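sequence and computational prediction follow.
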Protein chains: 2
Amino acid sequence: MRTDIERFFSPSSIAIIGASQDLVTISGQPLKHLLSHGYKGKLYPINPKYQEIAGVKCWPSLAALPETPELALILVNASRVADMLTACGEKGVPYVIIFSSGFSETGGGGVAMQQQLAEIAQRHNIGVIGPNCQGMINAADSVFAGFGSVFNADYPTGKVSMVSQSGGFGFSVMNLSSLDGGLPFRQMVTTGNEIGVSTLDFMDYFIRDPHTDIIGTYIEGVKDARRILELGDRALAAGKPILMWKVGNTEQGQKAAASHTANLGGAMALYKAAFRQKGIIQVEDIQDLVDYGRALNSGRLPRGNRLAIITISGGAGILMTDEIVARGMQMAQLAPETVAKLREFVPAFGSLGNPVDVTAAIFNDLSLINRTLQAINDDPGVDCIAMINASLQGEIAQKVASEIVAVAAKTDKPIFISWSARDAVAPDAYAALDAARIPHYKSPVRCGRALAAVSWYAEATRRNAAQQDDRPPVISRPGAQSRLEGKTGDVAEYAAKQVLAEYGIPVTREELANTRDAAVAIAQRIGFPVAMKVQSADISHKTEARAVRLGIAAAADVAAAFDEIMRNAKAYKADARIDGVLVQEMVGGGIEAIVGVTNDALFGPAVMFGLGGIFAEVLKDVAFRLAPITPAIAREMVEEIKGYPLLAGARGKPPADVDALVDALVRLSALAVDLQQQVAELDINPLLVMPRGQGVKAADALIRMKG
Amino acid sequence: MRTDIERFFSPSSIAIIGASQDLVTISGQPLKHLLSHGYKGKLYPINPKYQEIAGVKCWPSLAALPETPELALILVNASRVADMLTACGEKGVPYVIIFSSGFSETGGGGVAMQQQLAEIAQRHNIGVIGPNCQGMINAADSVFAGFGSVFNADYPTGKVSMVSQSGGFGFSVMNLSSLDGGLPFRQMVTTGNEIGVSTLDFMDYFIRDPHTDIIGTYIEGVKDARRILELGDRALAAGKPILMWKVGNTEQGQKAAASHTANLGGAMALYKAAFRQKGIIQVEDIQDLVDYGRALNSGRLPRGNRLAIITISGGAGILMTDEIVARGMQMAQLAPETVAKLREFVPAFGSLGNPVDVTAAIFNDLSLINRTLQAINDDPGVDCIAMINASLQGEIAQKVASEIVAVAAKTDKPIFISWSARDAVAPDAYAALDAARIPHYKSPVRCGRALAAVSWYAEATRRNAAQQDDRPPVISRPGAQSRLEGKTGDVAEYAAKQVLAEYGIPVTREELANTRDAAVAIAQRIGFPVAMKVQSADISHKTEARAVRLGIAAAADVAAAFDEIMRNAKAYKADARIDGVLVQEMVGGGIEAIVGVTNDALFGPAVMFGLGGIFAEVLKDVAFRLAPITPAIAREMVEEIKGYPLLAGARGKPPADVDALVDALVRLSALAVDLQQQVAELDINPLLVMPRGQGVKAADALIRMKG
């Protein structure tokens, strides 16, 4: 796989295979756009029908070219693409964009044709982009290698590089962001069917690209989803935020899964887990992308999540407060010294709380803006500042902007501005803020959201730094692997819990009885009362089969229960293979949790945590993380669910043993990694979380084998 | 209270009290703005210092004017406002805007000064707007009666009228919406401290105003909140949607309440209940207001919530699908005939599902746009249509717009367009859509949200029409009222349940025992097992006092329990007034619900429904409605909570008696109305909901009296 992607974005020469003299058509447009935007390299249109196109010499074939182009664009019909790609291979072309449609997206024969292209690309080590894509724009080097109306525009060069799986819409995003949004892009590439260089490969490159500061992605789905973790780690380390727009979130008709964990862990749950684990900022619209991108473009990250708001409009202050508190930030508590400084000049009808309402009177003496900002900036309890200027416009607007810029130059705390004047009436003020990379927004809501996104990212960066020496424990248990060797389908409770026990996850005391006498003896060893359950890989629904008895208090009852359970199990399913009857201690008094593993085809092993059946199943109140996880991450999972107060001791109950729960999650994660070749899904349901100091206990478990 | 508010918005003459010759100052601006925008009525600046201002004759006093102005603007210092308002009253001025600050917003003496203004206004029947506000713009009649930089702009006249409690920010909204957002306003007024004409009064007027089609409001809080219901009803009947931006949603430090219901029913919960009950559309940013306003401006409401999407970009189609499904709409199932019609011309690599991906090939033959739209429009399973045009621009864009307009003219189904071309490159296309009132948005996300808002409103309209003959039952129980007569503080379980029983809400069988012998006799009448609980208005936490015993199975145990409970209760609180020990049937097997009443100071009585303690308390999974409610509304409440599947029969359990639950909620609502003078809060916790056909039963209850 090629990784010298800088050659793709800045090729010294480009061949356009199937170039048309009709510059309006898809196959005519790339040459036109490359020429009109002043591409500096050599252009080789290829079409045996023409001598020249738009004044550029046209060549009969790739083979006829005097040099090897660094990039080829293929614009011919689907049926002829394979031949052209082979010619590229033979000529030694490193990168090829295949624009043509008619491959896997059409199903049927297109799938096989696409497979053929992948093989040609691999054989010749060609980095293929596409097929069925819309090309690339490198604004910095004026490489407009694609088609579509957005290629007509000129773009300023910015520090955002973006890769999109949607062609038409992806370029719309660049167009609106760069030209109307104030967030110029450096590069934009669309990947189509991704037989070669993928979205993740481009992200990988953008992390390495010294000219890219912010990475944008628009994805419908990726093949090697687990790689997102590694990319996320490297992006965090490089200080390059990733803005990810993941679409296709409505899970419709998910495949039937045996476990709650797999049922709850749809693709989106795992994507979100990956984003959470690696500080990848999720965006949901063009506006988000632009707003968050401009915020990150300031290059400043707050040290904490405490915001001070300065406003001349009470209403707008409330609005921003609502927004940032709902998104996990805090309103800073101003120090008494700060309040004392402000009291010197804020009018009596203002407010010295936070939001600080300085009232419009501040504009009577512009030096007060400087004093206010400076006083609040100097407060050690303030991590970032937002100033709300309502619709201020005209000459005074420019002066206010200058004061803001002056204070901002002397601090590294983020200063954000909510300013609702239209662009047309405060152009100089906005230009001054833009030049100083001070983010500004038309509404307090958008300003608050952007602040919260940056604060969230900053927290992820800090968390990552703090946790970078944490290593998830590795537990290898060949015993467990061999115990599961050759098993298929569902592994029932007793065997599943023996596997859990190997990884140090506490399970109920229990033994398997094959006769009534054995059952009685086991019960006496364990102590009364006991539970008894049939064990059969063929009977998943033991209760429905009336093959479960709880709270059995005496030896005679154990014997009777053994007979009854065996009788009912056989009546329920005559040919069920029955391993015996499990005799088990009765455990009570804990809070029912459900924890599990899902081994996703794209993401690999992930762990899940939720509370009791209803919380998880009905309310979907669960947390996912990709394995392996550290204790710190396990604790985040536990504290993340809405039902957490129940564990912390809500409703007068004693706090639960969260430490033991965290330990069990970490061990389960190690198990998930160790057994990932064998285990498809695993549920512990319930895991009883006892009061603090009394541990946890797996009361029931199920493993579904792969394949 | 004056209601002839059309005189306020279109006065034939305006006095400006305290007008300044310095036209830049706050007191100088109103005259300048009125003049520069060409106000057509008579202007009377009043200031004894000047002969004229800006070429307009200036008068020494209001009394000196040759006529009674229809509107006066007061711009003097706070201390002089009362005298000027009195002068207005004596002259017979119907409406006065008081711009001056320094009243209740400053606390202290300002509160008393404001009270004085209110008395003057009432004495003279003056409709006062303000104090502490920023005035009004009536774009239709060129009345710019206020100050601020947004008054410099000229505004087109639209059909949106808005009232805002925030001055500075409110006018920013008008400015951005009318000029950059494509949603022109007709009128905008800010209300400040609202001593006279309130936000709700203006909403009332806008419902009556024949020139207003859409009503916008920005509120921090209103005094007579219950009036929102009546206004909502009338607005629905008039077909005028209300877009409401309610800020201050972060409940911080709410007052301690005795009941769960009151604790959970913060102001925002009740506002949301009112919005839900009356189809008031909540907005959360300027963009929402503009997007939803432009959607409603189309004048079309879908008959149902089934959307068909036509797209040339697969990615954008997914994006919109995500958005509308998450917001309660459905993707339409296209009829076989529709699919057959489309198959005639949609290319093989397109998609005939929904979204229908017609691919960019459709632009090769523009008549296909017409055929596609027409075919989908004719499908009876489609209620509304969205078309996604990516970044289409230039000459072809205009032609595509014409085709859309032609089809839209022949149907009354809403047709929305997602079109990401910048304004600068598709001006004619956008103008054509605007002229035909076809809403268009720059992103599929915004288009989807606007569609969902309109669909939600349309559903509220249908529901209101369907339910308009439903009358909530009225239950009057003088017996209950006299039973509560003179009570204060908390009313304990036994007495509270007797009140419930009067309204036909089933309660557990129970009697109060004052001696151990009486307790035994009662237990024998009720049948074993029984529960026993101390009854004392001084002991709210019976369990904590160890004064509750459950599952008592024999007469001897009843006697012992009686003694123990009395002993523990006295040990817990020596001076507690003890009514006796309640002997109660044990009820099991139902699902625990919590239902209640909160009698809010602003909204009046409201009912609450949620499931078991944890669901309501920890997860806040509750539904509120303002009382009285009909059975249909009670059923909505029950079905609205996330835990509803538990009642419907999740996890293999039988479905619960939802009919009985609905009946109990309706009766509770009738109780809340009947006893609203006496009851502050009421909890039934738990209300046991038995399996279908077996009813509900209040197992515990608490009433907190008013005052």
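Good, I have the coordinates.

give the buried residues for the host helix or strand of A:D517.
Element membership of A:D517, judged by DSSP states H and E, is helix A:516-526. Across helix A:516-526, burial judged by 16 or more other C-beta atoms under 10 Å in any protein chain shown covers A:516, A:518-523, A:526. C-beta here means a position set from N, CA and C on the backbone, and glycine is covered the same way.

get me the contact residues on the stretch 51-200 of chain A for chain B.
A:101-102, A:105-106, A:110, A:148-150, A:152-153, A:164-173, A:175-176, A:179-180 (C-beta under 8 Å from any C-beta of the partner chain).

now the buried members of those residues.
A:101-102, A:105-106, A:110, A:148-150, A:152-153, A:164-173, A:175-176, A:179.

among these, which ones are in helices?
A:110, A:167-173, A:175 (DSSP state H).

biggest separation within these, which pair?
A:G110 and A:N175 (29.6 Å; C-beta to C-beta).

please enumerate the helices of the stretch 51-200 of chain A.
A:78-91, A:109-124, A:167-175, A:199-208 (DSSP state H, counting those that start in this stretch).

which elements pack onto the longest helix along chain A?
Criterion DSSP H: the longest helix present in chain A is helix A:444-466. Identification of packing neighbours for helix A:444-466 by 3 or more C-beta pairs under 8 Å, 6 or more residues apart in numbering or on different chains; DSSP states H and E yields helix A:227-238, strand A:281-282, helix A:286-296, helix A:314-326, strand A:384-388, strand A:415-418, strand A:440-441.

quick one: residues in contact with the following helix or strand past it.
With elements assigned by DSSP H and E, the helix or strand that comes after helix A:444-466 is helix A:478-484. Helix A:478-484 is contacted from outside by A:491, A:495, A:498-499, A:502-503, A:671, A:674-675, A:678-679, A:703, A:705, using C-beta atoms under 8 Å, 6 or more residues apart in numbering or on different chains.

any idea which residue of the stretch 451-600 of chain A lies closest to chain B?
For the stretch 451-600 of chain A, the residue closest to chain B is A:E544, as judged by C-beta to the nearest C-beta, at 7.7 Å.

quick one: contacts for A:A82?
Applying C-beta under 8 Å, 6+ apart, the residues near A:A82 are A:113, A:116-117, A:120.

only the buried subset of those, as a ChimeraX command please.
In ChimeraX syntax, the buried subset of the contacts of A:A82 is picked out as below (16+ other C-beta under 10 Å):
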select /A:113,116,117,120
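
now the contacts of A:A82 in TSV, with pLDDT?
Shown next, in TSV, are these (pLDDT from 0 to 100):
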residue	pLDDT
A:M113	95
A:Q116	97
A:L117	97
A:I120	98
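
and of the contacts of A:A82, the nearest to A:P472?
A:L117 (39.6 Å).

distance check, A:A435 against A:A429.
11 Å (C-beta to C-beta, to the nearest Å).

higher neighbour count, the two?
Here A:A435 and A:A429 are compared on neighbour count by other C-beta atoms under 10 Å in any protein chain shown; more neighbours surround A:A429, at 27 against 10.

what packs against the helix or strand that one falls within?
For A:A429, the host element (DSSP H and E) is helix A:427-435. Here helix A:427-435 touches helix A:395-408, strand A:440-441, going by 3+ C-beta pairs under 8 Å, 6+ apart.

redo that, cut-off 10 Å
If contacts are counted by 3 or more C-beta pairs under 10 Å, 6 or more residues apart in numbering or on different chains; DSSP states H and E, helix A:427-435 sits against helix A:395-408, strand A:415-418, strand A:440-441.

in that helix, what's buried?
A:429-430, A:432-433.

what residue ranges in the stretch 551-700 of chain A are flagged as low confidence?
A:613, A:651-652 (pLDDT under 70).

look up how far A:A632 lies from A:L668.
For A:L668, the distance to A:A632 equals 16 Å [C-beta to C-beta].

could you check which of those two has the larger neighbour count?
A:L668 (28 against 13).

surely A:R327 touches A:S455?
Yes - A:R327 lies in contact with A:S455 (C-beta atoms under 10 Å); the separation is 8.0 Å.

name the nearest residue to the residue in the stretch 151-300 of chain A positioned nearest to chain B, ignoring sequence neighbours.
Residue of the stretch 151-300 of chain A nearest chain B, by C-beta to the nearest C-beta: A:S166 (2.6 Å). Nearest non-adjacent residue to A:S166, counting by C-beta to C-beta, 6 or more residues apart in numbering or on different chains: B:G315, 2.6 Å away.

and the pLDDT at that neighbour?
pLDDT recorded at B:G315 is 78.

with the one 10 residues further on instead?
On the pLDDT scale, B:V325 is placed at 92.

returning to what we had before: nearest to B:H440, out of the helices and strands packed on helix A:444-466?
Closest among the helices and strands packed on helix A:444-466, using C-beta to C-beta: helix A:286-296, at 14.6 Å.

lowest-pLDDT helix or strand in chain A?
The weakest-scoring helix or strand in chain A, judged by mean pLDDT, DSSP states H and E, is helix A:260-264 (a mean of 62).

assign a three-state SS to the nearest residue to A:E510 once chain neighbours are set aside, would you?
Excluding its sequence neighbours, the residue lying closest to A:E510 (C-beta to C-beta, 6+ apart) is A:Q584, at 3.8 Å. Look at A:Q584: counting by DSSP: H, G, I helix; E, B strand; the rest coil, its state is strand.

burial of A:Q584, as a residue count?
Neighbours around A:Q584, by other C-beta under 10 Å: 25.

what does A:A409 give?
When neighbours are counted by other C-beta under 10 Å, A:A409 comes out with 9.

ok, now A:K223?
11.

for A:A72, same thing?
That count, for A:A72 with other C-beta under 10 Å as the rule, works out to 31.

please apply the same query to A:R303.
14.

what's the nearest residue to A:D575 once chain neighbours are set aside in contact with, if anything?
The spatial neighbour of A:D575 that comes closest, neighbours along the chain excluded (C-beta to C-beta, 6+ apart), is A:D538 at 7.5 Å. A:D538 makes contacts with A:489-490, A:492, A:545, A:569, A:572-573, A:575-579, as judged by C-beta atoms under 10 Å, 6 or more residues apart in numbering or on different chains.
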